[in-house]
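# Got a predicted model here, sequence first, then my questions.
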Amino acid sequence: MRGPQAVLSHLSLRNFRNYSELDLELGPGIFLLWGPNGAGKTNLVEAVYLLGNRRSWRRGGAAALCRRGTTEAVVAGEVFYLSDEGKGIDARSGDHRVVARISARTEMYLDGRRGRIKEITRHFPVVAFAPDDLDLTKGSGEFRRDYLDHLGSRVITGYSAAKTAFDRALRQRAAVLKAAAAKGRADMSGYESGRSALNAWNDEFAQQAAGLLVQRLKLYEMVRPALEEALVDLDAGGKPEVAYLARMERPIVADLWEAARSGDTKAIAEEYRDAIAGRLRDEISRGTVLVGPQRDDIEVRIDGHSTRDGVSQGQQRLVAVALRIAEARVLEIQTGRRPVMIMDDVFSELDDSRRERIWEILDSGQAFITSTSDETGRLTGRRGRVFSLPIHRLAETGSSAKTVRAKTSFQTHSPSQGDLSDGAPT
Ligand SMILES: Nc1ncnc2c1ncn2[C@@H]1O[C@H](COP(=O)(O)OP(=O)(O)OP(=O)(O)O)[C@@H](O)[C@H]1O
Ligand SMILES: [Mg+2]
């Protein structure tokens, strides 16, 4: 039995990226945003993503999201849920309002009250596939840690707090190590003085590292089966294996898993203390923290080969897609709602059978697909609504200069297939 589908029924933007003012009527189904480079396609789906994630998948802080020359932006959405009652009738429930107020940082509101990210995601889960996702496979461990931490903060209570506490302990310990290394180079006594200065920080670090690792492993136990299933479904090219690589003295074997599962942070902190003791000399001489979850990684192997460098580019893309499918699956299980899906520029790069698999996930839900080619409408071969961008093409059709409404600013564009009858009139 699948959970109800989250549906964005209305989107409004104020001073977001290149949009000064835009109101868009939406609903269930597939939306194809089609237009030339620079038309504003990614910006539009980025706004949808922001509503469920508080952040963008694109680099640059909150300030970059505000329209140039402005310092505040607002993205607001109306959300409801559709559940299939098993009789072919969709039951509608919900009706929540999610708002992102963006200035130097982004604050989220749910039905008028400030909302934590986990609460926001529970009401409006959103997953995006973007071209940069290839970094999830090819890039450094930083990308995969961020994948885990962002997902963890959306589905596990206490994850964000554990991450924040760990980051603070890491910053403090790193600063002391750096100072000790500099001193050591100056007077050769760095090791001894560094060691005593560090004593106080090691303990705090070990505890917070254990706190974060327990949360990470909890999350990893959700991601792993979903990821392995997605890799098999996508036919990534062989037998997939997934592993969590922890930067401590020994690999995470049975007893450590047990400790993590039962939330026994004490036992894990003890492991970190041992690991620190073993690496302290190195840490002081290099002036950097070598032990801890800030260096962990998840490894995906296909037929024993690391997907970071041992498989084809196409397989690397499939692994990245599989990570997003796993994310959607974990969100669905944990929030009880099927997420809204975004595919920015990536759909046309997949082959037929993979596209088919993705369609099974997108179909009957709500999805936004961007493309520079109206061919994508044909590629999908499904029903959907098409918005042709940029909006200013139609802005002169009578609407006031600043307020550009979807009905007048978006044009329905008819690809050769598909039922577009409910698209916005031009
Ligand atoms: N903060 C901002 N203020 C104003 N304009 C912005 C801001 N950020 C980005 N833009 C502009 O918005 C325009 C549209 O960008 P967007 O990334 O949405 O294009 P796109 O349609 O996805 O293009 P492509 O097909 O190349 O991916 C760009 O010309 C960009 O310079
Ligand atoms: Mg784009």
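Yep, it's here. Ligands and ions are numbered 1, 2, ... in the order given.

# and Trp57, that one's in a helix?
No. Looking at Trp57 with DSSP: H, G, I helix; E, B strand; the rest coil, it is coil, so not inside a helix.

# if I pick the residue in the stretch 301-426 of the chain that ligand 1 sits nearest to, what's in contact with it?
Residue of the stretch 301-426 of the chain nearest ligand 1, by Cβ to the nearest ligand atom: Thr372 (4.9 Å). Where C-beta positions appear, they are placed from N, C-alpha and C, glycine not excepted. Contacts were defined as Cβ atoms under 8 Å, 6 or more residues apart in numbering; by that measure Thr372 touches 34-37, 41, 345.

# Let's have those residues in JSON lines, adding neighbour count, secondary structure and distance to Leu11.
Listed next are these as JSON lines, based on neighbours: other Cβ atoms under 10 Å; DSSP: H, G, I helix; E, B strand; the rest coil; distance: Cβ to Cβ, whole Å:
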{"residue": "Trp34", "neighbour count": "23", "secondary structure": "strand", "distance to Leu11": "17"}
{"residue": "Gly35", "neighbour count": "20", "secondary structure": "coil", "distance to Leu11": "17"}
{"residue": "Pro36", "neighbour count": "10", "secondary structure": "coil", "distance to Leu11": "22"}
{"residue": "Asn37", "neighbour count": "7", "secondary structure": "coil", "distance to Leu11": "22"}
{"residue": "Lys41", "neighbour count": "24", "secondary structure": "helix", "distance to Leu11": "14"}
{"residue": "Asp345", "neighbour count": "18", "secondary structure": "coil", "distance to Leu11": "19"}
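
# restrict those residues to contacts with ligand 1.
Contacts with ligand 1 within the contacts of Thr372, as defined by Cβ under 6 Å from any ligand atom: 35, 37, 41, 345.

# tell me the least confident of these?
Within the ones next to ligand 1 among the contacts of Thr372, the minimum per-residue pLDDT falls on Gly35 (85).

# Not including adjacent chain positions, what is the nearest residue to that one?
Nearest residue to Gly35, sequence neighbours excluded (Cβ to Cβ, 6 or more residues apart in numbering): Leu389, at 3.3 Å.

# which regions of this structure sit below the pLDDT cut-off?
Residue ranges of the chain with pLDDT under 70: 1, 85-89, 184-191, 193-194, 250-254, 374-383, 391-426.

# can you give me the helices for it?
41-53, 117-123, 134-138, 141-155, 159-187, 190-233, 254-261, 265-286, 313-335, 352-362, 375-380, 392-395, 406-409 (DSSP state H).

# What residues does this protein have near ligand 1?
Applying Cβ under 6 Å from any ligand atom, we find that the chain lies next to ligand 1 at 17-18, 35, 37-43, 64, 66-68, 345, 372.

# repeat that with 5 Å
Within the chain, the positions adjacent to ligand 1 are 17-18, 37-43, 67-68, 372 by Cβ under 5 Å from any ligand atom.

# Quickly list the domain ranges of the chain.
What automatic domain parsing lists as the domains of the chain is 5-125+337-421, 159-301.

# Among these, which comes closest to Gln315?
Across the domains of the chain, Gln315 has its closest neighbour in domain 159-301 (5.0 Å, Cβ to Cβ).

# out of the domains of the chain, which comes closest to Gly141?
Set against Gly141 and scored by Cβ to Cβ, the domains of the chain come closest in domain 159-301, at 3.8 Å.

# measure that closest one end to end?
27 Å (Cα to Cα, to the nearest Å).

# I'd like to know how far the residue lying closest to Arg247 once chain neighbours are set aside sits from Glu327.
Closest residue in space to Arg247, ignoring its immediate chain neighbours: Arg295 at 4.0 Å, by Cβ to Cβ, 6+ apart. From Arg295 over to Glu327 the distance is 22 Å, taken as Cβ to Cβ, to the nearest Å.

# out of these two, which sits in the busier spot?
Higher neighbour count among Arg295 and Glu327: Glu327, with 25 against 15, using other Cβ atoms under 10 Å.

# residue contacts, that one?
Each residue near Glu327 by Cβ under 8 Å, 6+ apart is listed here: 127, 147, 151, 223.

# Try it again at 10 Å.
Each residue near Glu327 by Cβ atoms under 10 Å, 6 or more residues apart in numbering is listed here: 125, 127-129, 147-148, 150-151, 154-155, 223, 226-227, 230, 339.

# out of those, who's nearest ligand 1?
Among these, and counting by Cβ to the nearest ligand atom, the member closest to ligand 1 is Ala128, at 12.7 Å.

# I'd guessed Phe16 sits against Gly77; true?
No. Between Phe16 and Gly77 there is no contact under Cβ atoms under 10 Å: 11.8 Å.

# picking that back up, single out the most deeply packed of the helices of the chain.
Stretch with highest mean neighbour count among those: helix 41-53 (a mean of 24; mean count of other Cβ atoms under 10 Å).

# That one versus helix 313-335: what angle between them?
Inter-element angle recorded for helix 41-53 and helix 313-335: 40 degrees (by axes from the mean of the first three to the mean of the last three Cα atoms, to 10 degrees).

# would you put the C-alpha positions of helix 41-53 in PDB?
What follows is helix 41-53, C-alpha atoms only, in PDB (Å, rounded to 0.1, in the frame of the first residue of the first chain):
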ATOM      1  CA  LYS A  41      13.400  26.700 -16.100                       C
ATOM      2  CA  THR A  42      15.800  25.600 -13.400                       C
ATOM      3  CA  ASN A  43      14.900  28.700 -11.300                       C
ATOM      4  CA  LEU A  44      11.300  27.600 -11.300                       C
ATOM      5  CA  VAL A  45      11.900  24.000 -10.200                       C
ATOM      6  CA  GLU A  46      14.500  25.200  -7.700                       C
ATOM      7  CA  ALA A  47      11.700  27.200  -6.000                       C
ATOM      8  CA  VAL A  48       9.600  24.000  -5.800                       C
ATOM      9  CA  TYR A  49      12.500  22.100  -4.300                       C
ATOM     10  CA  LEU A  50      13.200  24.900  -1.900                       C
ATOM     11  CA  LEU A  51       9.800  24.600  -0.400                       C
ATOM     12  CA  GLY A  52      10.400  21.000   0.700                       C
ATOM     13  CA  ASN A  53      14.100  21.300   1.500                       C
END
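
# How about the contacts made by the residue lying closest to Gly292 once chain neighbours are set aside?
Take Gly292 and drop its neighbours on the chain: the residue closest to it by Cβ to Cβ, 6+ apart is Ala209, 4.6 Å away. Taking Cβ under 10 Å, 6+ apart, we find Ala209 in contact with 162, 165-166, 169-170, 173, 246-248, 265, 268-269, 271-273, 275-276, 289, 291-294, 296.

# related to what we said a few turns ago, can I get the helices of the chain in TSV with distance to Asp303?
Conversion of the helices of the chain to TSV gives the following (distance: least, Cβ to Cβ, whole Å):
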stretch	distance to Asp303
helix 41-53	34
helix 117-123	35
helix 134-138	15
helix 141-155	20
helix 159-187	33
helix 190-233	11
helix 254-261	25
helix 265-286	31
helix 313-335	10
helix 352-362	19
helix 375-380	30
helix 392-395	50
helix 406-409	48
